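1. Here you go, sequence then predicted model.
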Amino acid sequence: MSEVVVSGEGKVLKEVNREIRDAVAAGKKVVVEKVNRIHGVAAGLRNGEEEGKGDVGD
């Protein structure tokens, strides 16, 4: 399974979640980074694989 890195730097929640959903729909593993203070990242994700790196908040 290939992997996609999604960075939250300079983005709002809607942009980050769209990138995550698009990558999951393409069958890719998602590595999320730099999303501290963006609450609700990957909310509602029902399938796929997602990994958070670094400070991803509470």
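-> Structure's in. What do you need?

2. List of residues touching stretch 22-38?
-> Residues outside stretch 22-38 that contact it (C-beta atoms under 8 Å, 6 or more residues apart in numbering) are 1-9, 11-13, 16, 20, 41-42, 45, 47-57. No exception for glycine: its C-beta is placed from N, CA and C like everyone else's.

3. Put the buried members of those residues into a ChimeraX selection.
-> To isolate the buried members of these in ChimeraX, using 16 or more other C-beta atoms under 10 Å:
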select :6,8,11,16,20,41,42,48,56
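
4. From Gly10, how far out is Lys29?
-> Lys29 sits 23 Å away from Gly10, going by C-beta to C-beta, to the nearest Å.

5. ignore the last one, Gly40
-> Counting by C-beta to C-beta - Gly40 and Gly10 are separated by 17 Å.

6. So if I had to pick from those two, which one is more boxed in?
-> Between Gly40 and Gly10, Gly40 has the larger neighbour count (other C-beta atoms under 10 Å), namely 12 against 7.

7. how about the nearest residue to that one, chain neighbours excluded?
-> With sequence-adjacent residues excluded and distances taken as C-beta to C-beta, 6 or more residues apart in numbering, Gly40 is closest to Leu13, at 5.4 Å.

8. Which members of the contacts of stretch 22-38 are positioned in helices?
-> Of these, the ones assigned to helices by DSSP state H are Leu13, Val16, Ile20.

9. By pLDDT, rank these and give me the bottom one.
-> Checking pLDDT across those, the minimum falls on Leu13 at 90.

10. That residue touches Gly44, doesn't it?
-> No - judged on C-beta atoms under 8 Å, Leu13 makes no contact with Gly44 at a distance of 11.8 Å.

11. Does anything pack onto the lowest-mean-pLDDT helix or strand in the chain? Which helices or strands?
-> The helix or strand of the chain with the lowest confidence, counting by mean pLDDT, DSSP states H and E, is strand 50-53 at a mean of 84. Helices and strands touching strand 50-53, by 3 or more C-beta pairs under 8 Å, 6 or more residues apart in numbering; DSSP states H and E, are strand 29-33.

12. Cool, thanks, signing off.
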